[in-house]
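In: I would like to see how this sequence folds:
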Amino acid sequence: MAKVKLVYKPSMAETKRPRVVAYLDDEEMKQKLEILADRRCRSVSNLLLALVRNEIEQAEKSGEI
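Out: Predicted structure coming up:
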């Protein structure tokens, strides 16, 4: 499984949403993420947000958090 390092950074964009920076293992992983986002008609950022929401929901249901 690929490792993803998430780093919190305050938002500098026009949005009021918190910003998170993710570092991927390699360029191939980035390309696959972009392909997946494109096939699901989402931006990479929007796809990652959906994946994180799903993981948090599952963790809450299981009592992990």
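In: contacts, neighbours, all on C-alpha from now
Out: Fine.
In: could you pull out the strands for this protein?
Out: Using DSSP state E, the strands of the chain run over 5-9, 19-23.
In: Provide the backbone phi and psi angles at residue 42.
Out: Main-chain dihedrals, residue 42, degrees, to the nearest 10: phi -130, psi 160.
In: looking at the strands of the chain, which one has the lowest mean pLDDT?
Out: Looking at those, the lowest mean pLDDT belongs to strand 5-9 (a mean of 66).
In: residues near residue 57, how many?
Out: Neighbour count for residue 57, taken as other Cα atoms under 10 Å: 14.
In: low pLDDT regions in this protein?
Out: 1-2, 6-13 (pLDDT under 70).
In: report the longest helix in it, please.
Out: helix 44-62 (DSSP state H).
In: buried sites along it?
Out: In terms of neighbour count (16 or more other Cα atoms under 10 Å), helix 44-62 has its buried residues at 44, 47.
In: export that helix as CSV, just CAs?
Out: Taking C-alpha atoms only, helix 44-62 is exported to CSV below (Å, rounded to 0.1, in the frame of the first residue of the first chain):
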residue,chain,number,x,y,z
VAL,A,44,-8.2,15.6,-7.7
SER,A,45,-9.0,17.8,-4.7
ASN,A,46,-12.7,16.8,-4.8
LEU,A,47,-11.8,13.1,-5.1
LEU,A,48,-9.5,13.2,-2.1
LEU,A,49,-12.1,15.0,-0.1
ALA,A,50,-14.7,12.3,-0.9
LEU,A,51,-12.2,9.6,0.0
VAL,A,52,-11.3,11.2,3.3
ARG,A,53,-15.0,11.7,4.1
ASN,A,54,-15.7,8.0,3.5
GLU,A,55,-12.7,6.9,5.6
ILE,A,56,-13.8,9.2,8.5
GLU,A,57,-17.4,7.9,8.3
GLN,A,58,-16.2,4.3,8.4
ALA,A,59,-14.0,5.0,11.3
GLU,A,60,-16.8,6.7,13.2
LYS,A,61,-19.2,3.8,12.5
SER,A,62,-16.6,1.2,13.7
